[in-house]
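Enquirer: okay, sequence plus prediction incoming.
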Amino acid sequence: MSKVFTSSRLKSNHPHRTHKKKKWNWFKILLLILFVILLAGVVFFCWKILPLLRNLPSPDDLTTGNERFSVATQIYDRNGQQLYELYDDERRLPVSLSDLPAYVGEASIAIEDKNFYHHFGFDPIGIVRAFVVNKLRGGLAQGGSTITQQLMKKAFLSSEKSYDRKIKEIALAIVTEMRYDKDQILEMYLNYIPYGGTAVGIGSAADTYFGKKAADLTLAEAALLAGLPQAPSKYSPFASDATAAKERQAEVLKNMVEMGFITQEEANAALAEELVFAKKQINISAPHFVFYVRDQLYEMFGEEKVLRGGLRVTTTLDLTLQEDAQATLSAEIDDLDKLKVGNGAALITKPNTGEILAMVGSRNYYDEDHDGQVNVTLAKRQPGSSIKPLVYATAFEQRMMNPSSVLLDVPTCFENIGQPQYCPKNYSGSFNGPVTVRQALGSSLNIPAVKTLRVIGLESFIDQAQKMGISTWEDAKNYGWSLSLGGGEVKMIDMAQAFAVLANQGVKVPLISITKVEDYQGNVLYEADIEERKQLLALLQANPEVEFETDGNNVDLERVLQPEPSYLISHIMRDDRARWLGFGSNSELVIKGKEVAVKTGTTNDVRDNWTIGFTPNYLTVVWVGNTDGSAMNYRLVSGVTGAAPIWNDLMSRVLADEEIIWPAAPETIQEGNVCWTGMPLRGSDQKFDENGNEIPMANGCGDMKRDLYWTKGYPTRSGVRTEAAWINPATGLPPKEGESQEGLEPQDRQIAQDPLLDYYCLDCVRAVDENGKQIVDSPYYVSEGMGARQYGD
């Protein structure tokens, strides 16, 4: 019998197939979900986050040289007074948190990051809040950044509003919090954060808005500045409507009270405080000098380092003297306006150290009508007769002349191959006959100066001038005999350098404007040793025959002229009697109670007017004229007007309390009775012409004078002799070339000569005009040979 299986039996035999309600294992499900989330996070991190974190900058760069941490370079005078700041697009003045009042940092914490001391670089609640607000508003309207994050953004990242940048910002903030403590981070924040315009960092902000150091900020001022970084233009107190700035300040103070940083009474007092803001202005003193120093700094350190490296530069300038010099020159130029004098410049130095004490580049730096921004002390101008001391110094150096060597100041034309004849005249228009070098230099006579240049040669003069400091004469072929009267352009600063050689007994002490350069952390990058300069100068002066090796860095003195020529030229330049012929006595070139060497110079076209004078310790150069080269009034601007009164005022000021001690004469400089040759009479004083024939001398040497001479010098080819001369009775003069010889009478006459002129009737009577000036008929011509051709008078 077959078995029939019923459903009930099946159920009884297979209990596991019964339909019961399944129970879920929620713990396992939670683990699964967490695993999926973690896996997604790892994938997201590897796919999105990891690439962003690659090549991130190191927070160590915050203190070891972040290229974004640009610091303004500050330039100071010799006494520590600030002249100017140099910076690129950011002006930063670093500060230390320990130097600031506590409320300066607390104000920033109160308004920017209340949880600063409690988070680890980022604030999750702030980020969520910012995320929600941004989603509601669309885009990235709110950042939710902590102080540490803001520091990262400013120091390392861009200002782009994106989630990628935010991720980098948070990552860097976390690492930074691990690397630095909170006070270090707050200090860096205060130095990195922008406060509007070029003001970056609390130090710059304090100076920009209140004209003071950050350490001197009041609570009210600190609260106002703390509110600026979020929106500098909106909250700026310089805005047309400062209401927003005041409201922002009140918000900062309110938060500070809530956080317990200050009391309500302190907040109320700060709100009631009347703030005094700094005036917007260009804070620069001695602008011509400052930009001269700037260019030197560029050469020394490069433009990037100067504009961003926070250099602290100490210069040689005396700001008080600079301002006095500027005021004096500006006032004098204003008075000379009627003489068509539009501009002026001045330079004051210390020859024995090379320090530039004052550099006045124009009457007014901001005077656009007269090109005030042009620094005339560095510009090329013609020096006029102020170049003559260098001409005679070269002649002395070559031992060809002495102070009493005689030159004939008579109408003379000079010939040079390939150039037209050059026939100079004296400023007065008259001629003085036989004059000594002392008289010729002291009274600034032109013809003797040209003759001297003719004797020493253009190449020799240019070479000596270059050694002394003239940098603008490069090729002798570009110049003629007018170079002795200022026919070649020079720079005022070069003239100061060259004349300092005379003041230093022949030693060239290079001019300097910078004595020390440090970085903003106090590390010395450069320093000029002024005392070492003085010591080396003393050694060179005491041992003129010995050569000293210099270090080629800070001290590079060298002897470029023997002590004897230097002494003799300086002696002539401080001899007021030598100036009588040209300027009279007690002119503007004399400083009462002081013995000062001085020389003037005026170009023939009256476009440049100079006065240069010095003592062993001070040198002053003054120029007046017009920057565009237009002429001044010819009649009213002369050697003792124009620049001379300004020079007198400036030199009197620097010498007011100065005891001037001129060096003693070198042993080889003697004083005695000297002939026209510039040397004492010797029994063997024989002179020979080009053919070897002896030239007779009347009474040995002519009128003798008592003067200084260099015992190693050579006698100048100058003198007087008495001989029978054929004279035209009608003119009282020897006949001109080609003139009829009939009717001539032999007469005993005194015949003079100098290095270039063999025959000049000294006691012949010459025609004069109604003013007593000699009427020039035919001048003497000096050709390429040493002698002159006599064409008559």
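Expert: Noted; the coordinates are in hand.

Enquirer: what pLDDT does Glu274 get?
Expert: On the pLDDT scale, Glu274 is placed at 92.

Enquirer: please apply the same query to Lys425.
Expert: The per-residue pLDDT reported for Lys425 equals 88.

Enquirer: excluding its backbone neighbours, what's nearest it?
Expert: Leaving out its chain neighbours, the residue that sits closest to Lys425 by CB to CB, 6 or more residues apart in numbering is Asn446, at 6.5 Å. C-betas here are computed from N, CA, C, even on glycine.

Enquirer: you'd agree Val360 is up against Ala346?
Expert: Yes: under the criterion of CB atoms under 8 Å, Val360 is in contact with Ala346, at a separation of 4.3 Å.

Enquirer: between these two, which contacts overlap?
Expert: 325, 329, 377 (CB atoms under 8 Å, 6 or more residues apart in numbering).

Enquirer: just those now: which is nearest Tyr479?
Expert: Within the shared contacts of Val360 and Ala346, proximity to Tyr479 (CB to CB) peaks at Thr377, which comes in at 23.0 Å.

Enquirer: where does that closest one sit: helix, strand or coil?
Expert: State at Thr377, reduced to three classes by DSSP: H, G, I helix; E, B strand; the rest coil: helix.

Enquirer: what count of nearby residues applies to it?
Expert: The local packing of Thr377 (other CB atoms under 10 Å) involves 26 other residues.

Enquirer: quick revisit: now do the contacts for the residue nearest to Lys425.
Expert: By CB under 8 Å, 6+ apart, the neighbours of Asn446 are 385, 424-427, 485.

Enquirer: can we see that at 7 Å?
Expert: 424-426, 485 (CB atoms under 7 Å, 6 or more residues apart in numbering).

Enquirer: list only buried entries from these.
Expert: Among those, those classed as buried by neighbour count (16 or more other CB atoms under 10 Å) are 424, 426, 485.

Enquirer: skip the chain neighbours and tell me the closest residue to the second one.
Expert: Translated: Asn426. Counting by CB to CB, 6+ apart, the residue nearest Asn426 is Asn446, at 5.1 Å.

Enquirer: and if you look at the last one?
Expert: Closest residue in space to Leu485, ignoring its immediate chain neighbours: Asn446 at 5.6 Å, by CB to CB, 6+ apart.

Enquirer: how much space between that neighbour and Phe499?
Expert: When CB to CB, to the nearest Å is applied, the distance between Asn446 and Phe499 equals 20 Å.

Enquirer: dump the buried ones among the contacts of Asn446 to TSV, plus secondary structure and distance to Val95.
Expert: Formatted as TSV, those follow (DSSP: H, G, I helix; E, B strand; the rest coil; distance: CB to CB, whole Å):
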residue	secondary structure	distance to Val95
Pro424	coil	65
Asn426	coil	66
Leu485	helix	59
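
Enquirer: got a markdown table for these, with distance to Phe156 too?
Expert: As requested, those are arranged in a markdown table below (distance: CB to CB, whole Å):
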| residue | distance to Phe156 |
| --- | --- |
| Pro424 | 71 |
| Asn426 | 73 |
| Leu485 | 65 |
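
Enquirer: which one of those residues is nearest to Leu100?
Expert: Nearest to Leu100 among the buried ones among the contacts of Asn446, counting by CB to CB, is Leu485 at 63.9 Å.

Enquirer: after the helix or strand where Pro420 lies, heading C-terminal, what element do we hit next?
Expert: In this structure, Pro420 sits in strand 419-422 according to DSSP states H and E. As assigned by DSSP H and E, the chain's next helix or strand after strand 419-422 is strand 433-436.

Enquirer: average pLDDT across the next helix or strand after that next one?
Expert: Sequence-wise, the next helix or strand downstream of strand 433-436 (DSSP H and E) is helix 437-442. The average pLDDT for helix 437-442 rounds to 96.

Enquirer: same thing with stretch 566-574?
Expert: Rounded mean pLDDT across stretch 566-574 is 97.

Enquirer: could you pull out the buried residues of it?
Expert: 566-574.

Enquirer: tell me how far it lies from the chain's centre.
Expert: Stretch 566-574 has its C-alpha centroid displaced from the chain centroid by 29 Å (CA atoms, centre = their mean, to the nearest Å).

Enquirer: go ahead and name everything in contact with that stretch.
Expert: By CB under 7 Å, 6+ apart, the residues outside stretch 566-574 that reach it are 389, 392-393, 396, 403, 438, 441-442, 501-503, 505-506, 578, 595-599, 665-666, 669, 708, 710.

Enquirer: narrow those residues to those in helices?
Expert: Using DSSP state H, the subset of those located in helices is 389, 392-393, 396, 438, 441-442, 501-503.

Enquirer: my reading is that Met632 lies in a strand. Confirm?
Expert: No: according to three-state DSSP, the state of Met632 is coil, so it is not within a strand.

Enquirer: that one and Gly625 touch, don't they?
Expert: Yes: assessed by CB atoms under 7 Å, Met632 is found in contact with Gly625 at 6.3 Å.

Enquirer: common neighbours of those two, please.
Expert: 341, 609.

Enquirer: counting neighbours, go ahead and name the busier of these two.
Expert: Between Met632 and Gly625, Gly625 has the larger neighbour count (other CB under 10 Å), namely 28 against 23.

Enquirer: skip the chain neighbours and tell me the closest residue to that one.
Expert: The spatially closest residue to Gly625, leaving aside those adjacent along the chain, is Asp608, at 4.8 Å (CB to CB, 6+ apart).

Enquirer: what does Val765 give?
Expert: In space, Val765 comes closest to Gly732 once its chain neighbours are excluded; the distance is 4.4 Å by CB to CB, 6+ apart.

Enquirer: ditto for Thr218
Expert: Going by CB to CB, 6+ apart, Thr218 has Glu273 as its nearest residue, at 6.6 Å.

Enquirer: distance of Val437 from Asp649?
Expert: 30 Å.

Enquirer: can you check Leu561 too?
Expert: In this view, Leu561 and Asp649 are 30 Å apart by CB to CB.

Enquirer: higher neighbour count, these two?
Expert: Comparing Leu561 with Asp649 by other CB under 10 Å, the one with more neighbours is Leu561, at 25 against 20.

Enquirer: how near is that one to Val71?
Expert: 45 Å.

Enquirer: where in the stretch 601-750 of the chain is pLDDT low?
Expert: Within the stretch 601-750 of the chain, the segments meeting pLDDT under 70 span 635-639, 682-700.

Enquirer: please, where are all the helices along it?
Expert: Chain-ordered helices for the stretch 601-750 of the chain, with DSSP state H, counting those that start in this stretch as the definition, fall at 643-654.

Enquirer: thought Lys182 was touching His118?
Expert: No: between Lys182 and His118 there is no contact under CB under 7 Å: 9.8 Å.

Enquirer: who has more neighbours out of those two?
Expert: Lys182 (15 against 9).

Enquirer: pull the contacting residues for that one.
Expert: 116-117.

Enquirer: could you report the pLDDT at it?
Expert: Looking at Lys182, its pLDDT is 91.

Enquirer: ditto for the one 5 residues further on
Expert: Among the per-residue scores, Glu187 shows a pLDDT of 92.

Enquirer: His118 versus that one, what's the distance?
Expert: Distance, Glu187 to His118, by CB to CB: 19 Å.

Enquirer: next, the residue nearest to Val765: phi, psi?
Expert: phi 70, psi 10 (degrees, to the nearest 10).

Enquirer: ok, how many other residues are close to it?
Expert: 15.

Enquirer: what is the neighbour count of the closest residue to Ala278 other than its chain neighbours?
Expert: Setting aside the residues directly before and after it, Ala278 is nearest to Gly211 in space (CB to CB, 6+ apart), at 3.4 Å. The number of residues packed near Gly211 is 14, by other CB under 10 Å.

Enquirer: phi and psi next, for Gly211.
Expert: Backbone torsions of Gly211, given as degrees, to the nearest 10, read phi 70, psi 30.

Enquirer: that one against Lys280, yeah?
Expert: No: using CB under 7 Å, Gly211 makes no contact with Lys280, being 10.5 Å away.

Enquirer: okay, buried residues for stretch 222-236 please.
Expert: 222-229, 232, 235-236.
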